[in-house]
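Participant: Below is the sequence, then the predicted model.
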Amino acid sequence: MNNLSPDQIPEKWGDIASAYGDAFEKLTSQFADDVISRLSPKTGESVLDVAAGTGSFSLAAARLGADVLATDFAEGMVEHIQNRIDKALMNNIKTKVMDGQALDVDDASYDMSVSIVGLIFFPDIDKGFAELRRVLKPGGRCAVVCWDHPENFDMMKLLQQSIAIAAPDFEVPTQTPVWARMVGEQALEERFQQAGFNKVEVCTIDGLLTLDSVEDFWSVFIASSPPMISLFAALGKENTERAGKVFVELATDNHQKQMVTLASKACVGVAYV
């Protein structure tokens, strides 16, 4: 446990499930929709969603008639998904707390396995890929989404600039973020191939996060993930408030507050067994 980063500890994700959804689901749901269009889940097909987060992909696949099992290692995330399922009155989607590196699922039991910006946080990414392959039936298909290189992530660039201006003496952690251990098309394709997948197809897509209010976004952003909570705790309340004001100014280009769109790029990989 001591060697894990905050975003690799289940309880820390479970505690902020709603905030994560408020901050990022408008963005991650675009990646879920892209995977849906590529894999085309059909009525009666079995789908396993690993590190399902707030459940965007699982819900979309279930609406198309697939039988879905949404899993996550964080109990709070699974409860969040289950609440959404209950509100939607859906009976073809189930949830279960599972470690994506050691799934409690039989070999060759699913038509489709998916992990959308989830597997990237695993302590052992290769085990995650191996499990996604193990659970697939012959001819099954898999999709994994990771981020592109950090310089193509408007949100993180704005954050770094804001902290540098608001608190120039603050030493931002320099270690590679957990999610950045696998970025870009080549890295994603190589992981699929190493896991024994066939017909690997990888592409980069644009994600656009439109903010009606940058101030409102900042208020949830600072508590939207375990790394953000740790970062802003170290930064302190006053510096965080200053950084937030700078973030708003940079995002709106010092003009009258208006709707702002932040761009990011993600890599989508689809493969078969």
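Facilitator: That came in fine, so what should we check first?

Participant: Identify the residues contacting the residue nearest to residue 6 when sequence neighbours are not counted.
Facilitator: Nearest-residue entry for residue 6: residue 226, 3.4 Å, with adjacent residues in sequence omitted and distances by Cβ to Cβ, 6 or more residues apart in numbering. Just so you know, the C-beta spots here come from the backbone N, C-alpha and C atoms, and that holds for glycine as well. Taking Cβ atoms under 8 Å, 6 or more residues apart in numbering, we find residue 226 in contact with 5-7, 9, 12-13, 16.

Participant: ok, residue 226 to residue 155 distance?
Facilitator: Taken as Cβ to Cβ, to the nearest Å, the spacing of residue 226 relative to residue 155 amounts to 16 Å.

Participant: same thing with residue 115?
Facilitator: Computed as Cβ to Cβ, the residue 115 to residue 155 distance reads 21 Å.

Participant: Of these two, which one has the most company?
Facilitator: Higher neighbour count among residue 115 and residue 155: residue 115, with 28 against 19, using other Cβ atoms under 10 Å.

Participant: Residue 47 is in contact with the more buried one, correct?
Facilitator: No: counting by Cβ atoms under 8 Å, residue 115 stays clear of residue 47, with 11.8 Å between them.

Participant: Which parts of the protein are helices?
Facilitator: Secondary structure of the chain (DSSP state H): helices located at 10-14, 17-39, 56-63, 75-88, 125-134, 154-166, 185-194, 214-221, 226-235, 237-252.

Participant: Just to check, residue 80 is in contact with residue 15?
Facilitator: No: applying Cβ under 8 Å, one finds residue 80 not in contact with residue 15, separated by 11.0 Å.

Participant: So if I had to pick from the two, which one is more boxed in?
Facilitator: residue 80 (23 against 17).

Participant: Could you pull up the contacting residues of that one?
Facilitator: Neighbouring residues of residue 80 by Cβ under 8 Å, 6+ apart: 17-18, 21, 54-55.

Participant: who wins for neighbours among the residues you listed?
Facilitator: Within those, neighbour counts (other Cβ under 10 Å) peak at residue 55, which reaches 28 neighbours.
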